[in-house]
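Colleague: With the input below, show me the fold.
(chains A, B, C and D)
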Protein chains: 2
Amino acid sequence: MVRKTKEDAELTRQRIINAAREVFLTKGVSRTSLEQIARHANVTRGAVYWHFTNKSELFHAMREQVFLPLIDRMDDTLLANIDEENNPAADPLTRIENFLQGTVQVLNDHQETRQTYEIMMSKCEYVDEFATVLQQILNNCSGVVEKFEQVYAKAHSKGLVSVRHSPAELAMDTHLF
Amino acid sequence: MVRKTKEDAELTRQRIINAAREVFLTKGVSRTSLEQIARHANVTRGAVYWHFTNKSELFHAMREQVFLPLIDRMDDTLLANIDEENNPAADPLTRIENFLQGTVQVLNDHQETRQTYEIMMSKCEYVDEFATVLQQILNNCSGVVEKFEQVYAKAHSKGLVSVRHSPAELAMDTHLF
DNA sequence: TTGCATACATACATGCATGGATGTATATTA
DNA sequence: TAATATACATCCATGCATGTATGTATGCAA
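Modeller: Numbers count the residues shown, from 1 in each chain, chains lettered A, B, ... in the order given. A predicted model of the protein is given here:
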């Protein structure tokens, strides 16, 4: 193996991330060594250490590949042009439904996304360096809940939902689901 | 340290389990060594290996201390005398509510139970030996769902719930909650 | 074409964690 | 009371994972 062009290097980086995901899934995050990941990606640990400073940075990179698209999709589906009053597609409850269906769709179509979620849920111990990861995830979640809340507030002001439920409650419930 | 009486030994065993829970919580299951647990319990690894063959057995023992009472409570609260037709306290929906409130109560009162749940949820990677643990947990869950289902079936036959929802659906929903 | 940066591979030192072997003092039992 | 089982503590060999240091061949820019 010798020096590659920038595009090749980016491919290698991606191969490492994919390898990490697959090994994480079967071995668990803390039990996979960077050596195993490297072998699975047909490189050596040198390459892994070149692209990522350590395992948690690699984990973080893997995570971002599914979270950033999620955030984008939320912004698009849920919040974009929410203030245009006379937009038929902008009905708040329809937006929520669309977003949830989109989420299921993604989980159906992309096994990579499924795998990443499974790793985050039952193959990772959120301690030490990973505690900050958990913090980030929770921050993300409260961001998600907040966005739900905005949409529900809109629905509320339009009289689309029962006044017995506050937007915050509805948002939390939807998120739990 | 020298040989103790059987009661002393049982105390030591319990101290080890408690120590394990506390260290698991802060360090995560895979990152805590039996040495750390031993130190935290004021014994040596020799004692730990005497009472438990390895880490996963220790984990299993810790888990049983919260799951077995849960199962018992389910049987008592949910299922006991469910077939006595004219028992006022045996109303199916009331049973469900009582059980859920009891669960919250336990989580409120026993920080040990809270800690154990937190460990099982975000401080443990379910792979290899622990994959069987996950399997057991899932089995337990389906057992739980089944019991919910029985109660809902009873409620159904009494006309207490809308016929639009099957007992299975209701059970799954309650369990998710 | 030279020189430096890049993209890795290889080698090495270090540090636990594990599990088993062994030691040992006491409780228990026959 | 002698023999044995119990409840640990201590010690040791082994292996693996990490991080870093170093080697090296190539792409790229001046």
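Colleague: now the closest residue in space to A:Ser122 that isn't next to it in sequence: how far from DNA strand D?
Modeller: Closest residue in space to A:Ser122, ignoring its immediate chain neighbours: B:Tyr126 at 4.7 Å, by Cβ to Cβ, 6 or more residues apart in numbering or on different chains. Placement of C-beta: from N, CA and C, glycine included. From B:Tyr126 over to DNA strand D the distance is 18 Å, taken as Cβ to the nearest atom of the strand, to the nearest Å.
Colleague: B:Tyr126 against A:Cys124, yeah?
Modeller: No - using Cβ atoms under 8 Å as the test, B:Tyr126 is too far from A:Cys124 to be in contact (10.1 Å).
Colleague: which element is the spatially most central residue of chain A on?
Modeller: Residue closest to the average C-alpha location in chain A (Cα atoms, centre = their mean): A:Phe67, at 2.4 Å. Taking DSSP states H and E as the criterion, A:Phe67 maps to helix A:55-74.
Colleague: dump the residue contacts of A:Ser56.
Modeller: Applying Cβ atoms under 8 Å, 6 or more residues apart in numbering or on different chains to A:Ser56 gives the contacts A:129-130, A:133.
Colleague: Can you give me the pLDDT of the residue in chain A that DNA strand C sits nearest to?
Modeller: Closest residue of chain A to DNA strand C, Cβ to the nearest atom of the strand: A:Gly46 (2.0 Å). You'll see A:Gly46 listed with a pLDDT of 92.
Colleague: Same check on the one 10 residues further on?
Modeller: For A:Ser56, the model assigns a pLDDT of 91.
Colleague: Look up how far B:Asp128 lies from it.
Modeller: According to Cβ to Cβ, to the nearest Å, A:Ser56 and B:Asp128 sit 21 Å apart.
Colleague: and what of A:Asp91?
Modeller: Distance, A:Asp91 to B:Asp128, by Cβ to Cβ: 49 Å.
Colleague: ok, A:Val151 - contacts?
Modeller: A:78-79, A:82, A:92, A:95-96.
Colleague: And the closest residue to it other than its chain neighbours, how far from DNA strand D?
Modeller: Spatial nearest neighbour of A:Val151, excluding adjacent residues (Cβ to Cβ, 6+ apart): A:Pro92 at 4.8 Å. Relative to DNA strand D, A:Pro92 is positioned 46 Å away (Cβ to the nearest atom of the strand).
Colleague: A:Pro92 is in contact with A:Lys154, isn't it?
Modeller: Yes - with contacts counted by Cβ under 8 Å, A:Pro92 reaches A:Lys154, the gap being 4.5 Å.
Colleague: Spell out, range by range, the helices that occur in chain A.
Modeller: With DSSP state H, the ranges of helices along chain A come out as A:6-27, A:34-40, A:45-51, A:55-74, A:92-109, A:111-122, A:129-157, A:167-176.
Colleague: Distance to B:Met120 for these - can I get that in TSV?
Modeller: Shown next, in TSV, are the helices of chain A (distance: least, Cβ to Cβ, whole Å):
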stretch	distance to B:Met120
helix A:6-27	19
helix A:34-40	26
helix A:45-51	31
helix A:55-74	21
helix A:92-109	24
helix A:111-122	10
helix A:129-157	15
helix A:167-176	18
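Colleague: pLDDT below threshold where in chain A?
Modeller: A:1-4, A:85-90, A:175-177 (pLDDT under 70).
Colleague: repeat that for 90
Modeller: A:1-10, A:67, A:71, A:74-98, A:120-177 (pLDDT under 90).
Colleague: residues in it within reach of chain B, list them.
Modeller: Applying Cβ under 8 Å from any Cβ of the partner chain, we find that chain A lies next to chain B at A:26-31, A:122-128, A:130, A:134, A:176-177.
Colleague: please redo it, this time with the cut-off set to 6 Å
Modeller: Within chain A, the positions lying close to chain B (Cβ under 6 Å from any Cβ of the partner chain) are A:27-28, A:30, A:122-123, A:125-127.
Colleague: Out of these, which sit inside strands?
Modeller: Counted as lying in strands by DSSP state E, out of the residues of chain A next to chain B, is not a single one.
Colleague: residues making contact with stretch A:8-26?
Modeller: Residues lying outside stretch A:8-26 but in contact with it, judged by Cβ atoms under 6 Å, 6 or more residues apart in numbering or on different chains, are A:32, A:36-37, A:40-41, A:48, A:51, A:58, A:61-62, A:115, A:119, A:123.
Colleague: is DNA strand D contacted by it?
Modeller: No - for stretch A:8-26, no contact with DNA strand D is found by Cβ under 7 Å from any atom of the strand; the gap never falls below 8.3 Å.
Colleague: circling back: how many neighbouring residues does the residue nearest to A:Val151 have?
Modeller: Per other Cβ atoms under 10 Å in any protein chain shown, the neighbour tally for A:Pro92 reads 21.
Colleague: Might you report the residue contacts of it?
Modeller: If you count contacts by Cβ under 6 Å, 6+ apart, A:Pro92 has them with A:151, A:154-155.
Colleague: can I get those residues in CSV with distance to A:Val145?
Modeller: CSV is the format used below for the contacts of A:Pro92 (distance: Cβ to Cβ, whole Å):
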residue, distance to A:Val145
A:Val151, 11
A:Lys154, 15
A:Ala155, 15
